[in-house]
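Asks: A predicted structure for the sequence below; I have some questions about it.
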Amino acid sequence: MRQRKLFCDINPTCYAISMKKENYKRYLKDAVSGEKFAHTLQAEPLPVLVSSHASKLIKTGPGIDRTLQENKAVNIELACACLNGLIIHPGEVFSFWRLVGKTTEKRGYKNGRVIIGNRIVPGLGGGLCNLGHTIHRIVLHSPLEVTEFHSHSDALGPDEGPRVPFGTGTSICYNHIDFRFRNTTDQDVQLIAYCQDGKLFAELRSRREFPWRYVLAEEDLHFRKEGEKYFRRSQIYRETIEKATGETVRRELIFNNHSEVMFDYSLIPPEQIR
């Protein structure tokens, strides 16, 4: 029996209508939620560095479109300008899309890589998932609470050099697929995000030092063929360590990674295939 097509899959017009519906549903949900969203930008950084991360903006390698990578760098730099220096007061929620807004051509956004229907295709504002993931990563190295997270494949291209734990991508799509976290602490925290010398830098800062540090560990990393496709599989754990004693006070599984490989299968390290 043939599966009935979803309304959004009928044609591009139906897809656009479906997206608008989801946008308005998000507007309404936020309006009645009672949430306080962070919006204050401050140029002066808070004194204490909680966590940080840096990554290359432009990936190179077989099958990677250089133009889309360069456009991604432009998109990320534009988005960083919307949230760099953001102060998140206690109880406030960070929302990626409420700060960045729509990625339109008029605002300077270009076609970067987006994932639609398990395929990498050009799309306006593409590549901002990299920024979302970077922010997610530094938040995981803090006591803040992630309240909305959507994942996509972390296997868009072969790893360059040693693999960094928790490479899973953060999926975002204006405005109903968002990345959000809440400041559950008793002090202000600040998000710093900027581009420099071909790299994306992100920092989470606070007024006072927190008593814990956090470590992410990836275990059982391997690739496995399922039917005609390959998937990257691993488990990601987070350890909470008390700074004063060095003792691990909590160890939790935060992600069971099962990502479809979206690059040339011949580039999968053979020793990692099971």
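Replies: Structure's in. What do you need? Numbers count the residues shown, from 1 in each chain.
Asks: how far away is residue 231 from residue 266?
Replies: Using C-beta to C-beta, to the nearest Å, we find residue 231 at a distance of 16 Å from residue 266. Glycine gets a C-beta too; all of them are placed from N, C-alpha and C.
Asks: out of those two, which sits in the more crowded spot?
Replies: Using other C-beta atoms under 10 Å, the more surrounded residue of residue 231 and residue 266 is residue 231, with 17 against 7.
Asks: next up, the contacts around that one.
Replies: Neighbouring residues of residue 231 by C-beta atoms under 8 Å, 6 or more residues apart in numbering: 155, 223-225, 258-261.
Asks: redo these as TSV? Include pLDDT.
Replies: Output for these, formatted as TSV (pLDDT from 0 to 100):
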residue	pLDDT
155	64
223	93
224	94
225	95
258	88
259	85
260	84
261	87
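Asks: ok, so of those residues, who is nearest residue 191?
Replies: When those are compared for distance to residue 191 (C-beta to C-beta), residue 259 wins out at 26.3 Å.
Asks: what about that closest one, which SS state?
Replies: Using DSSP: H, G, I helix; E, B strand; the rest coil, the structure places residue 259 in strand.
Asks: which elements pack onto the helix or strand residue 204 falls within?
Replies: Using DSSP states H and E, the element containing residue 204 is strand 199-206. Strand 199-206 sits against strand 48-56, helix 128-140, strand 189-196, with contacts defined as 3 or more C-beta pairs under 8 Å, 6 or more residues apart in numbering; DSSP states H and E.
Asks: report the strands that pair with the first one, each with its relative direction.
Replies: Taking DSSP bridges as the criterion, strand 48-56 sits next to strand 199-206 (antiparallel) in its sheet.
Asks: narrow the contacts of residue 231 to those that are buried.
Replies: Applying 16 or more other C-beta atoms under 10 Å to these, the neighbour count classes 155, 223, 259-261 as buried.
Asks: now the end-to-end length of stretch 27-46.
Replies: 31 Å (C-alpha to C-alpha, to the nearest Å).
Asks: can we start the residue count at 53 from this point?
Replies: Sure, I'll start counting at 53 from here, so that last one is stretch 79-98.
Asks: so where's the stretch 53-202 of the chain shaky on pLDDT?
Replies: 53-62, 67, 114-115, 167-171 (pLDDT under 70).
Asks: can you pull out the helices in it?
Replies: 64-85, 118-135, 148-152, 180-192 (DSSP state H, counting those that start in this stretch).
Asks: any idea which of those is most buried?
Replies: The highest mean neighbour count among those, using mean count of other C-beta atoms under 10 Å, belongs to helix 180-192: a mean of 23.
Asks: need the contact partners of that one.
Replies: Helix 180-192 is contacted from outside by 102-105, 107, 109, 124, 127-128, 131-132, 146, 148, 152, 155, 164, 198, 201, 204, 218, 220-224, 231, 233, 243, 245, 252, 254-256, 266, 268, 290, 306, using C-beta under 8 Å, 6+ apart.
Asks: so residue 308 sits against residue 287, correct?
Replies: Yes - if you go by C-beta atoms under 8 Å, residue 308 and residue 287 touch, sitting 5.7 Å apart.
Asks: name the residues that touch stretch 225-235?
Replies: Stretch 225-235 is contacted by residues 74-75, 77-79, 90, 140-150, 153-155, 177, 184, 187-188, 191, 196-202, 222-224, 241 when judged by C-beta under 8 Å, 6+ apart.
Asks: again, but for stretch 76-85
Replies: For stretch 76-85, contacts defined as C-beta under 8 Å, 6+ apart pick out 89, 150, 227-228, 230.
Asks: just to revisit the earlier point, Throw the helices and strands packed on strand 251-258 into TSV and include distance to residue 173, thanks.
Replies: Putting the helices and strands packed on strand 251-258 into TSV (distance: least, C-beta to C-beta, whole Å) gives the following:
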stretch	distance to residue 173
strand 100-108	22
helix 180-192	14
strand 241-248	24
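Asks: which among the ones you listed is found nearest to residue 70?
Replies: Closest to residue 70 of the helices and strands packed on strand 251-258, according to C-beta to C-beta: helix 180-192, at 20.4 Å.
Asks: got the CA positions of the closest one in PDB?
Replies: Taking Å, rounded to 0.1, in the frame of the first residue of the first chain, the C-alpha atoms of helix 180-192 are listed here in PDB:
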ATOM      1  CA  LEU A 180      24.400  28.000  11.400                       C
ATOM      2  CA  CYS A 181      24.000  24.500  12.900                       C
ATOM      3  CA  ASN A 182      27.800  24.700  13.500                       C
ATOM      4  CA  LEU A 183      27.300  27.800  15.700                       C
ATOM      5  CA  GLY A 184      24.400  26.100  17.500                       C
ATOM      6  CA  HIS A 185      26.600  23.100  18.200                       C
ATOM      7  CA  THR A 186      29.500  25.200  19.500                       C
ATOM      8  CA  ILE A 187      27.200  27.000  21.900                       C
ATOM      9  CA  HIS A 188      25.700  23.700  23.000                       C
ATOM     10  CA  ARG A 189      29.200  22.300  23.700                       C
ATOM     11  CA  ILE A 190      30.200  25.100  26.000                       C
ATOM     12  CA  VAL A 191      26.800  25.000  27.800                       C
ATOM     13  CA  LEU A 192      27.400  21.300  28.500                       C
END
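Asks: much appreciated, bye for now.
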